[in-house]
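In: Prediction below, plus the sequence it came from.
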Amino acid sequence: MTERTTITFTPIGVIRSPHLAPAGTPIQPTYAEQCEGQVVVDPALEAALADLDGFERIWLVYWFDRAGPYKPRVVPYRDTHEHGLFATRSPCRLNPIGLSVVRLLGREGNVLRVGGIDILDGTPLLDIKPYVPEFDAHPASKAGWLDERREDRREADGRFHGDPDRTA
C-alpha cells in the first residue's frame, strides 16, 4: 500500500432532512423526489453562495458520520451478491465521503432549501458544487453490475451504519 497522508476537513455547514435514522431513508436522490430539506451553511461563508440561485441542481459533498467501518466487499442495497466496495455507493468507506445531487428550491441568506434529499439529518456538509448537465450527465453510460441488478430496493435498511438506532 502507498504511504498515507492525513487530510483534515472542516465542515462548512450541516444538512437538515426528515431522515432521522438510516433504515427507511431513500438510497439515492432520485428515490427522494418528494423529500425536502435544508442545507445550512456557516454564516461566515454566505458570500460564497452568490450566483448559485440560477442552478436547478447542486452537488452536496458530505461526511457519512454514522457509517459503519470500512468493508472491502459489500452486498449493496440493489443486489443480493457481494461486490467490491468501489463498485458500489456503500458508505462504509476508508474515507466516508458522500455525494448527492439535489434540486435547489430556494435560498434565504445562508440556508438553501433543497428537494430530493437522501441524506440523514445532521450530516456534516463538506462542499457544494453546481450541477452542470453538459459536464455531469452521461445517461447512455454503462453501469456495471447495476445493469443486471437483482434487487429494486429504494430505501436503506441500516446495514451500513454502526448503530442502526442512532439518530442525529
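Out: Happy to help now that I have it.

In: Need the residues that contact the helix or strand bottoming out on mean pLDDT in the chain.
Out: Lowest on mean pLDDT, DSSP states H and E among the helices and strands of the chain sits helix 133-136, with a mean of 86. Residues lying outside helix 133-136 but in contact with it, judged by Cβ atoms under 8 Å, 6 or more residues apart in numbering, are Trp59, Val101. In this view, the C-beta of every residue, glycine as well, is placed from N, C-alpha and C.

In: try 10 Å
Out: By Cβ atoms under 10 Å, 6 or more residues apart in numbering, the list of residues contacting helix 133-136 from outside reads Glu56, Arg57, Trp59, Val101, Lys129, Pro130.

In: Any quick PyMOL command for the buried ones out of these?
Out: Entered in PyMOL, the line below selects the buried ones among the contacts of helix 133-136, by 16 or more other Cβ atoms under 10 Å:
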select buried, resi 57+59+101
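
In: hang on, the earlier thing: CA atoms only for the least confident helix or strand of the chain, dumped as CSV, please.
Out: What follows is helix 133-136 as a C-alpha-only set of coordinates in CSV (Å, rounded to 0.1, in the frame of the first residue of the first chain):
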residue,chain,number,x,y,z
PRO,A,133,-25.7,18.9,-17.3
GLU,A,134,-23.1,19.4,-20.0
PHE,A,135,-20.4,18.0,-17.7
ASP,A,136,-22.3,15.8,-15.2
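
In: May I see the buried residues of it?
Out: Along helix 133-136, not one residue counts as buried under the neighbour rule (16+ other Cβ under 10 Å).
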